[in-house]
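Engineer: sequence plus the predicted model coming up.
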Amino acid sequence: MKNNPDNKVIIIDDDLTILKSLRILLEVFDYQTVCFESALDFLQAYTPDFAGYLLIDLQMPGMSGVDLLRELKRRDIRMPVVIMTAYADKENIQRVIDVSQVAILEKPFASDELRRIINAHLSQAA
Amino acid sequence: MVYAPRRWKIMAAAVALSGLALFIDWTTPLGLADWALYLPVILLASRAGDRFLILITAACSLLALVDFLYSPEGVDPVQSILNRLMGVAAFCAIATVSLIDRRRVWNAIRTGNSPPCSRKQKDPRVERMRRLSELALTLSGDPSVVFENVVRIIGELFKVKLVCLAELADRPDGKYLVFKAAYIDGQVSRDLGECPLSITPCQKVFESRELRSFNNASALFDRALLLRQHHIDAYCGIPSLDNRGNVLAITCLLDDQPRDFSEEDRHLLRIIGQRIAVELERAGHLAEQERSQTRLRQINDELESIFRAYPDLNFILDAQGAILQHRVGDPRILYMSPEQFMGKPMQEVLPAPVGDLFGRAIRKVIAGEQLVTIDYLLPTDRGLRQFEARLVKLPDHRIAVQVRDTTDSHKAREEIKLLGEELAHLSRLGTLGEMASGLAHELNQPLTSLHNYASAAIELANRTDWEGVRDCLEAIAGQSLRAGQIVRHMRDFVRRGPSRRAPADLHHLIGEVLSLLQADLRRQHVEIELRQDPNLPRVVVNSIQIQQVLVNLIRNAIDSLSHQPPNSRRITLWTRLIDQSVAVRITDTGPGIAPSVAVSLFQPFKTTKPDGLGLGLAICRTLIESHGGSIGVASTSPGGATFHFTLPVAPVEIPA
C-alpha cells in the first residue's frame, strides 16, 4: 500500500505547523504526502502525471483555496479534493460549493474523519 | 457815545439861568424869581422819597398861589395869576420827572451826567462795568447755570427783549440749533427745544462765522416761529468758534424795535462770543470727565462684583512679599484670619515649604518674569486643599497674587482620566469582540496541529515507536505554547488600565499585535510588509494603549482593502527614528481618504463605517497625545492611505 500512487495525499496550507502535523499524521497512517506552502507552488510543480488526494486550506494569502479550485476546474485537472477551513461559516461554504462539490473539513477536525474521507475515495477508486 | 457835560458846566448854566430869571424878574413884571428858587428845593426833595417829594411840591405850589394874594398893587391880576400857574406847572413837571426816574435824575445831578434819554444812551458805564464783571464771574462759575446767567446778563446789559444761546448739532436732515438757555422779557428759561438752522437768521452767522446784525428780521425769516411770536425786528448773532474755526454755538440778541449796535457793542459781543466758546468747551470737557468718571465707577463696581462672584483669594504684596491688601471670595479656604496675616510677608505667614515656594516665586516675579504659577497643599477649614497661586508684577513693583482652590478641578481631572481609560478599555473589548472569529481561527490552527500530533502519537504508541511518540509530544508541547500565547495576548489586550508606562520595544509590540490580527489578515488575504528600522530605541509607553492604537490602525487598513483585488491587498508597516521621536507609518493600498473626510477623521463619532461608533480614531488620538506624540493621516499616491504616529523617545508626562 505504501508505494501505491493512489495512496498519495497532496497538502496545501500556508501554516507550516499545520502542514507539518498533517504530514506526520498521514505518514504514521502510511500515506504518501507531498506538501506545498501555497497554491501557486502547487500549480508550478503540477504535471499531468500528478495523482493523489488534494488537501487544501481555504484561507491562504495570495491565491486562496477557492481560487485554486477554480483554477483546477479551468485547467480541467480532476483530482479528489478536501477543503480545510477554520471558518466554516455559510458564506465560505457557499463560495466553495459554487465552484465544485467537494468535502469540507472544519478545523480542528478529528484525524479519523480525515482518514475516513480519504479512504472512502480510495476504496471507491479501487 | 455822547459825552455828558461836566458838573461845573451845569452849575454855570444854573447860575446863568438864575441870573437870567432875576434879570427878567427885575426888568419885567413877570415875577419869575420865586419859582426859579422853588425848583432847586423840589429837586433836593426828590432825594428824600416819593411822599416827601409830593409834599414839598404841593407846599411850593401852595406858597406860589398864596404869594399871589400878597402881590403888590398895580400889578395886572391876570398876568400875576398866569405867572403863578406857570410856576405850579413847572413844579409839577419837575416832580413828575423825578418820580419817574428819581434816582437817575439825582445821579445825573450828583455826577454831572445828563440823564439818558434813549434806551441805548441809558446804559451808564458803571452799570456796564458791573454787568461785565458779573458776566466774567458767571463764566468762570458753576457750569450748570452758566449759560442761563450769560443770557440774562447779556439781556440786561444790552436791554433787549430776547437772548438765546444755542449749540449746533448735526441731525440726519442737516444742522440744528439746540437751545441751551434763553432770556425772554426778563425771564430765564431752559429747554426751548431745537429748530433747523437754515430757517433762522443764525444761518447767516453760521455761514460767515462772523457777528451779523440787521433789522426787519421777522420779515426776512418768516419761517422762524420765535421771531414771529415776539414780533422781532432787530437781530444780532454772535458765533462761538472752537480753535479750528468751527461754529460751536450762536448767541443771538433779539428786540422788537430796530436797533443799531455800535462798534463798541459789537466788539464786546465778539469777546463774549469767544468766551462762550471757551465755556462750551470747558462744559464739554467737564461732561466728558463726568462720563469717564461714571464709567470708571461702573467698571470698578463691575470688577468688584466679579471678584465677589469668584471664590478666589486675591492679595496685593509689596516687593518683599508683605501682604498690603486682600480680597477673599470664600473665607473657608483661608489658612488663617486676615488680622493674622495683614502686613506680614507671605513667606512667613505660610508653613515653611509653601512659604519658601512663595519666596522663590516672588523673587522670580520681581526679577521680571511675566507670570509665575505655583501649586501647593494647605490645611484649611474645609480640610487639606490643593491651591494654585498665580503671581504677576504690577507697574509699581507690587505683586498681585490670585489664589485658586483647585482641589475640585484636580479631582475632576483625575475622574476624566479614569473615564478616558475606561473608554479605551471598553473600546478594546469591543475591538476584541469584532476580532473574536478571527481569534478563534487563530486558536484553531494550533489546536488542529495538537490534535494531529496527538493522533499520530497514539498510533505510534500502539506500534511502540517511542522515538516517533517523543517527536510528536515535543511538537505538542510547542503548539500548546503557541495556543497559550494567543490567549495571553487576548487577555493582555483587554486588561483593565491603568497599567504603568515602561520602556518597550515597539517592534515587539507590533509583533504581538500582528499575531492577534493574523486571522483577519489571512481571511482578507492581506499581505503585511514590515520595514523596520533595526536601530529603533525603546520607548517609554503604556504597551496596551500603543497596541490598541496599532490594532485600530491596522484593522482600519484591512477594512479599507476589502474591495481591492486579493493580489493587491498590502499593508506596509514602517518604523523609523526621526529626531527624538519614533515614527510609525501604516500604509495600505486601499482607495485612500478624501481630504474633506481626513480633516474630521480623528474627531469622535466621525465614521465611514455603517456599523461603527466613530470612537476608534478619536481614542487613538487621545492615547497618542497623552504620550506626548502626534497622529495624522495622509493620502498616498496613486491610492491608499498612510496613518502615522510618533512617540517621543524621552518620556513625557502629559495629564490626560
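Structural biologist: Perfect, I can see it now. Residues are numbered from 1 along each chain as shown, chains lettered A, B, ... in the order given.
Engineer: most centrally placed residue in chain A?
Structural biologist: A:Leu55 (1.2 Å; C-alpha atoms, centre = their mean).
Engineer: so which residues make contact with the one helix or strand that residue maps to?
Structural biologist: Element membership of A:Leu55, judged by DSSP states H and E, is strand A:53-57. With contacts defined as C-beta atoms under 8 Å, 6 or more residues apart in numbering or on different chains, strand A:53-57 is touched by A:8-15, A:18, A:22, A:39, A:65, A:68-69, A:72, A:79-85, A:114, A:118, A:121-122. Heads up, the C-betas are built off the backbone N, CA and C, glycines and all.
Engineer: of those residues, buried ones?
Structural biologist: Applying 16 or more other C-beta atoms under 10 Å in any protein chain shown to the contacts of strand A:53-57, the neighbour count classes A:8-15, A:18, A:22, A:39, A:65, A:68-69, A:72, A:80-85, A:114, A:118, A:121-122 as buried.
Engineer: of the residues you listed, which belong to helices?
Structural biologist: The helices, defined by DSSP state H, take in A:Ile18, A:Leu22, A:Ala39, A:Gly65, A:Leu68, A:Leu69, A:Leu72, A:Leu114, A:Ile118, A:His121, A:Leu122 from these.
Engineer: so what's the residue count around B:Ser213?
Structural biologist: Other residues near B:Ser213 come to 21 when the count uses other C-beta atoms under 10 Å in any protein chain shown.
Engineer: ok, now which ones touch the closest residue to it other than its chain neighbours?
Structural biologist: Spatial nearest neighbour of B:Ser213, excluding adjacent residues (C-beta to C-beta, 6 or more residues apart in numbering or on different chains): B:Cys236 at 3.9 Å. Residues in contact with B:Cys236 (C-beta under 8 Å, 6+ apart) are B:Leu211, B:Arg212, B:Ser213, B:Cys252, B:Leu253, B:Leu254, B:Arg259, B:Phe261, B:Leu269.
Engineer: give me that answer again for 6 Å
Structural biologist: Contacts for B:Cys236 were tallied using C-beta atoms under 6 Å, 6 or more residues apart in numbering or on different chains; they are B:Ser213, B:Leu253, B:Phe261.
Engineer: and of these, the nearest to B:Thr373?
Structural biologist: Closest approach to B:Thr373 among these (C-beta to C-beta): B:Leu253, at 70.4 Å.
Engineer: can you report phi and psi for that closest one?
Structural biologist: Main-chain torsions, B:Leu253, degrees, to the nearest 10: phi -110, psi 130.
Engineer: what pLDDT does it get?
Structural biologist: pLDDT, B:Leu253: 92.
Engineer: hang on, the earlier thing: with adjacent residues omitted, what lies nearest to the residue nearest to the centre of chain A?
Structural biologist: A:Ile11 (4.7 Å).
Engineer: what about the particular helix or strand that has B:Asn300 in it, distance to the chain center?
Structural biologist: Applying DSSP H and E as the criterion places B:Asn300 in helix B:263-309. Put simply, helix B:263-309 sits 19 Å off its chain's centre (C-alpha atoms, centre = their mean, to the nearest Å).
Engineer: just checking, what packs against the helix or strand just after it?
Structural biologist: The element immediately downstream of helix B:263-309 (helix or strand, assigned by DSSP H and E) is strand B:313-317. Judged by 3 or more C-beta pairs under 6 Å, 6 or more residues apart in numbering or on different chains; DSSP states H and E, the packing partners of strand B:313-317 are strand B:323-328, strand B:399-405.
Engineer: for the longest one, which strands pair with it and how are they oriented?
Structural biologist: So the one you mean is strand B:399-405. strand B:313-317 (antiparallel), strand B:383-393 (antiparallel) (DSSP bridges).
Engineer: the shortest one to strand B:323-328, inter-axis angle?
Structural biologist: In this structure, strand B:313-317 runs at an angle of 170 degrees to strand B:323-328, with axes from the mean of the first three to the mean of the last three C-alpha atoms, to 10 degrees as the basis.
Engineer: what pLDDT does the residue of the stretch 151-300 of chain B at minimum distance from chain A get?
Structural biologist: Using C-beta to the nearest C-beta, the single residue of the stretch 151-300 of chain B nearest to chain A is B:Ile299, 73.3 Å away. pLDDT, B:Ile299: 90.
Engineer: list the contacts of it.
Structural biologist: B:Ile299 sits in contact with no residue, where contact means C-beta under 6 Å, 6+ apart.
Engineer: so which residues of chain A form strands?
Structural biologist: A:8-12, A:32-36, A:53-57, A:81-85, A:103-106 (DSSP state E).
Engineer: export those as a markdown table, with columns for mean pLDDT.
Structural biologist: Shown next, in a markdown table, are the strands of chain A (pLDDT from 0 to 100):
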| stretch | mean pLDDT |
| --- | --- |
| strand A:8-12 | 93 |
| strand A:32-36 | 93 |
| strand A:53-57 | 92 |
| strand A:81-85 | 91 |
| strand A:103-106 | 89 |
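Engineer: that older thread, could you dump the ones in helices among the buried ones among the contacts of strand A:53-57 into JSON lines with pLDDT and distance to A:Glu106 added?
Structural biologist: Listed next are those as JSON lines, based on pLDDT from 0 to 100; distance: C-beta to C-beta, whole Å:
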{"residue": "A:Ile18", "pLDDT": "90", "distance to A:Glu106": "13"}
{"residue": "A:Leu22", "pLDDT": "93", "distance to A:Glu106": "15"}
{"residue": "A:Ala39", "pLDDT": "92", "distance to A:Glu106": "20"}
{"residue": "A:Gly65", "pLDDT": "90", "distance to A:Glu106": "13"}
{"residue": "A:Leu68", "pLDDT": "92", "distance to A:Glu106": "18"}
{"residue": "A:Leu69", "pLDDT": "92", "distance to A:Glu106": "17"}
{"residue": "A:Leu72", "pLDDT": "91", "distance to A:Glu106": "21"}
{"residue": "A:Leu114", "pLDDT": "89", "distance to A:Glu106": "12"}
{"residue": "A:Ile118", "pLDDT": "87", "distance to A:Glu106": "16"}
{"residue": "A:His121", "pLDDT": "76", "distance to A:Glu106": "19"}
{"residue": "A:Leu122", "pLDDT": "71", "distance to A:Glu106": "22"}
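Engineer: among those residues, which are within reach of chain B?
Structural biologist: A:Ile18, A:Leu22 (C-beta under 6 Å from any C-beta of the partner chain).
Engineer: identify the farthest-apart pair in the ones in helices among the buried ones among the contacts of strand A:53-57.
Structural biologist: Pairwise over these, using C-beta to C-beta, the maximum falls at A:Ala39 and A:Leu122, 23.5 Å.
Engineer: for A:Leu19, give me its contacts.
Structural biologist: Listed by C-beta under 6 Å, 6+ apart, the contact set of A:Leu19 reads A:Ile11, A:Asp13, A:Cys35.
Engineer: just the pLDDT at the second one, thanks.
Structural biologist: This means A:Asp13. We have a pLDDT of 92 for A:Asp13.
Engineer: ramachandran angles for it?
Structural biologist: On the backbone of A:Asp13 - angles per degrees, to the nearest 10 - the values are phi -160, psi 140.
Engineer: please name the nearest non-neighbouring residue to it.
Structural biologist: Closest to A:Asp13 by C-beta to C-beta, 6+ apart is A:Asp57, at 3.9 Å.
Engineer: what about that neighbour, how many residues nearby?
Structural biologist: 25.
Engineer: beta partners for it?
Structural biologist: Beta-bridge partners of A:Asp57, as defined by DSSP bridges: A:Met84.
Engineer: ok, A:Asn92 - contacts?
Structural biologist: A:Asn92 sits next to A:Thr85 when contact means C-beta under 6 Å, 6+ apart.
Engineer: elements contacting the helix or strand containing B:Arg51?
Structural biologist: Following DSSP H and E, one finds B:Arg51 within helix B:50-69. Other elements packing on helix B:50-69 under the criterion 3+ C-beta pairs under 6 Å, 6+ apart are helix B:33-45, helix B:77-100.
Engineer: out of the ones you listed, nearest to chain A?
Structural biologist: That would be helix B:77-100 among these, by C-beta to the nearest C-beta, at 131.0 Å.
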